[in-house]
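Student: Quick one, fold the following:
(3 chains)
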Amino acid sequence: MSPELGNTAPVSWPRRAGAAALIVLCWLPVAYLALLSLARDWAFPALLPTALTLATWQRALAGNDGLITSFATSVGIALLVATLATTAAGVASRIFAYHRHRGWWVLAMHAPFALSPVILGTCLLYFFIRLGLVGSAAGVIAAQFIFGYAYAVIVLVGFWNPHVAALEDLARTLGAGKREVLRRVVFPLARPLLAVAFFQTFLLSWFDYGLAAVIGAGKVPVLTLRVTEYMGSGNVHLAAVCALLLVVPPLAFLLLNRRLAITAA
Amino acid sequence: MTPPAQPFLSVEALDKRFGAERVLDGVGFTLERESVLAILGRSGGGKTTLLKILAGLVPADSGRFLLDGRDLSTVPPERRQVVYLYQEPLLFPHLSVRENLVFGLRLRRLDEAAMRARIEPLVDRLGLADHLEKMPAQLSGGQRQRVAFGRALAIQPPLLLLDEPFGSLDATTRAEMQTLFREVARQVAITAIFVTHDVKEALIVGDRFGHLAGARLKLFADRAAFIGDPVSGAASEIAFWNSLASKTPSPPRA
Amino acid sequence: MRISARSFFAEPARRRLRLGLFAGLAVVPPLLGLGYALAYSLGLVGALATGFTGEHWAKLLRTSDVTRALGFSLAVAAVTVALATTLALGLSLALRRALGRGLGATALFVPLALPGVVAALIGFQFLGGAGVLGRLAWHFGWIASPQEFPALIFDRYGLGIVIAHTALAVPLLMLLFARFHATERIDEFAALARTLGANRLAVLRRVTLPLLLRRAAPSLSLLFAGVFGAYEIPLLLGAQRPEMISILARRKFALFDLHQRPEAFLIAVIYAAIVLTLVWIAFRKQPPAHVA
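Tutor: Numbers count the residues shown, from 1 in each chain, chains lettered A, B, ... in the order given. This is a model prediction of the structure:
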């Protein structure tokens, strides 16, 4: 876009004020959670807590409430889901992309999203019970994999185009075998998009509540479930700690590399 | 009398259809070592398919292809040692010019010294000395095509296939590249099949000539036969320039 | 580009197997689940199944809670999408340059890192009577006690649910609109329209909004589907009645009274039908290049 197009006048101050307000609003939830997690005695109608304390965090990190375990469980499950989904989708996306009916296969990948996770989990519960997967991390991983895999295929299929195919062919005529083509040509080029797919499938699992609740049947203590637990028991300070544990790691990654959020859409 | 030596390259009765459309019909030819066969044909006339079959990227429906006595018909592309150069100068975008040049040599596990020795003369001939550390995105079309050329020559392939390699360049650069190709081909003594839709280009780069139309390949005994045959269009081009020359008064010499 | 059984079976067997396998990973579970749900709702499978029966579907016409939940969920989704789109469009167009690429653009990514449960927690803390807004109201003298604060959560209209989903959706939509603004070359078309005589309002109405909304239609339909089937936020911020559809399905499934289970699966089937129809409508309007 040439610079002559669009408005070139300096931005007016009401708009700048509006933008500043929006920026504050965007950060407000996280800031508020931080304050809540450090607060002691923050009853109505105080606008700010009367005292701050590290006690809640100390309690959380001490491990008695199992928050460390929950954090580790969430991390472990999300890493496995992301790895399995991205790998499988990497292979699948190539097969679909180079196929005559590429569009239809990509459309088929939207199938899991026709049902919400909770509803799909409920419908499949019978089968998961028969497979002995209910109440186990394996079951949760399998259920989340369905969504993660489908989504990763949709993201990755955009990588394969005639240009890449030509590069692959070219490398073959220069003497590279199929594996070497993948290693020396395809993988280096696909790395950025693979990172996006990995990050997004990780988040899909990390933030999941429904599948962990339905398939996990309360026995898989992921962080999202712990947040609702604390909300239910009225302990908003621990809920805030939990929420921060849930939000801050992905947020940090995202801010460091905003491109992780952009899919091919 | 000793029997005539086997031709270096021998293609026999290649057939290919895509669905109902027949793209190659009984295509066959032979080629001697160190000569360039220029095949003329319209865009989309099966030239690319022919080259891809020879490179092993597309299977033929029937026919044979022998190189230096070996039947390559069923050999996978990475073992044929037949390099295919595209119209677009396809350089690996994540590798520098130097790394692009030595790509094939790395696959053959040459050590650094051997690689350098191999590409140095090419770098000189192709005028790439100043560009070795650059990335493909920083080069012009002509420079990129030279790198692609150098990359192919570096592995000293017995056969080089060129698919309208200068088609995406502007007219001046194209003329330079045609001459460059001719010189380098001579010096390095390569055997090549060069496909183009431009008769002038065919005449510059080729030693032998063919014309591909209607899925069939017509071969010509020599340059004169090629120029003389109306399908090449050479004769009408010559007539055109001659008619212009006779009508236009020559500019006065300064 | 119609797929035909013949073209599929023309593939060599090994490739067909691979294709089927990789496609099946994503396609088989939902089909299996839906098939099971349909069978259960028709009395063909299940703990108390007695064979094919249409009674559960017939009951649908008489029952109020399923249709009420469907209506409620559709309404909440529609209001959310409408509100979020309007706000996001307005803010995006007004503040596009003011936000720029630095702090502004970064800030919009923060809400993307908030999952449903966290949004529900924030919603609970902000919108409740004794919450942040309630305390501000008290300080301004508008209310005397938390009970006087209008019910924004656990209310009959699902206000809290709408507010929470809208707050999550607006930043995401703003980022999308900003991106579409560039890829659809809105500035160039707007300049073109100006040379053809359009004033600023006309440009907005005839160029900017149509182009942006057309490109965003698939994303908006996905947003609709997401809110329609939402679970965490309605679970934590919603009232007992009316319920959102996912909550109702879950409740009917998990009840001690197993007789309600077929209805839970019936809901699943209807839900899928609605979402598929919606997505089909939205994607049909798109130019072919823009399949998600």
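Student: the helices in the stretch 1-150 of chain B, which residues?
Tutor: Using DSSP state H, counting those that start in this stretch, the helices found in the stretch 1-150 of chain B span residues B:47-55, B:97-101, B:103-107, B:112-126, B:141-154.
Student: any idea of the mean pLDDT in the fourth one?
Tutor: It refers to helix B:112-126. Averaged over helix B:112-126, pLDDT sits at 90.
Student: ok, and what's touching it?
Tutor: Residues from elsewhere that reach helix B:112-126, judged by Cβ atoms under 8 Å, 6 or more residues apart in numbering or on different chains: B:98, B:101-102, B:105-106, B:110, B:128-129, B:132, B:146-147, B:149-150, B:153-154, B:180, B:183-184, B:187. Using the backbone N, CA and C atoms, a C-beta is placed for each residue, glycine as well.
Student: Include distance to A:Asn64 and mean neighbour count when you put the helices of the stretch 1-150 of chain B into a markdown table, please.
Tutor: Conversion of the helices of the stretch 1-150 of chain B to a markdown table gives the following (distance: least, Cβ to Cβ, whole Å; neighbours: other Cβ atoms under 10 Å in any protein chain shown):
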| stretch | distance to A:Asn64 | mean neighbour count |
| --- | --- | --- |
| helix B:47-55 | 67 | 23 |
| helix B:97-101 | 56 | 22 |
| helix B:103-107 | 56 | 20 |
| helix B:112-126 | 59 | 15 |
| helix B:141-154 | 63 | 24 |
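Student: Pipe those helices into a markdown table and attach distance to C:Trp138 per row.
Tutor: Below are the helices of the stretch 1-150 of chain B laid out as a markdown table (distance: least, Cβ to Cβ, whole Å):
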| stretch | distance to C:Trp138 |
| --- | --- |
| helix B:47-55 | 77 |
| helix B:97-101 | 68 |
| helix B:103-107 | 72 |
| helix B:112-126 | 77 |
| helix B:141-154 | 70 |
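Student: Work out the gap between stretch B:216-223 and the centre of the chain.
Tutor: 17 Å (Cα atoms, centre = their mean, to the nearest Å).
Student: I should have written stretch B:148-162 there, sorry.
Tutor: Computed by Cα atoms, centre = their mean, the separation of stretch B:148-162 from the middle of its chain amounts to 9 Å.
Student: before we move on, what about stretch C:222-229?
Tutor: 1 Å.
Student: Wondering if the helix or strand hosting C:Phe126 reaches chain A at all.
Tutor: Here C:Phe126 sits within helix C:116-127, counting by DSSP states H and E. Yes: interface with chain A: helix C:116-127 contributes C:116-122, C:124-126 (Cβ under 8 Å from any Cβ of the partner chain).
Student: how many other residues sit next to the residue in chain B positioned nearest to chain C?
Tutor: Among all residues of chain B, B:Gly19 sits closest to chain C, at 10.9 Å; criterion: Cβ to the nearest Cβ. By the criterion of other Cβ atoms under 10 Å in any protein chain shown, B:Gly19 has 6 neighbours.
Student: In contact with the most centrally placed residue in chain A, which residues?
Tutor: By Cα atoms, centre = their mean, the mean C-alpha position of chain A lies nearest to A:Leu203, the distance being 1.1 Å. The contact partners of A:Leu203, by Cβ under 8 Å, 6+ apart, come to A:78, A:250.
Student: does B:Leu212 count as helix, strand or coil?
Tutor: Here B:Leu212 takes the strand state, with states given by DSSP: H, G, I helix; E, B strand; the rest coil.
Student: follow-up on the earlier one: next helix or strand past the helix holding C:Phe126?
Tutor: helix C:132-139.
Student: Centre of the chain to that next one, how far?
Tutor: 31 Å.
Student: same check, this time on stretch A:93-101
Tutor: For stretch A:93-101, the distance to the chain centre is 26 Å (Cα atoms, centre = their mean).
Student: Does that stretch reach chain C?
Tutor: Yes: Stretch A:93-101 lies within reach of chain C by Cβ under 8 Å from any Cβ, at A:95-96, A:99-101.
Student: Adding secondary structure, neighbour count and pLDDT, write those residues out as CSV.
Tutor: Listed next are the residues of stretch A:93-101 next to chain C as CSV, based on DSSP: H, G, I helix; E, B strand; the rest coil; neighbours: other Cβ atoms under 10 Å in any protein chain shown; pLDDT from 0 to 100:
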residue, secondary structure, neighbour count, pLDDT
A:Ile95, helix, 19, 93
A:Phe96, helix, 25, 94
A:His99, coil, 16, 91
A:Arg100, coil, 13, 88
A:His101, coil, 17, 89
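Student: The stretch 151-265 of chain A against chain B: which residues are in contact?
Tutor: Within the stretch 151-265 of chain A, the positions lying close to chain B (Cβ under 8 Å from any Cβ) are A:163, A:166-167, A:169-177, A:180, A:184-185, A:188-189.
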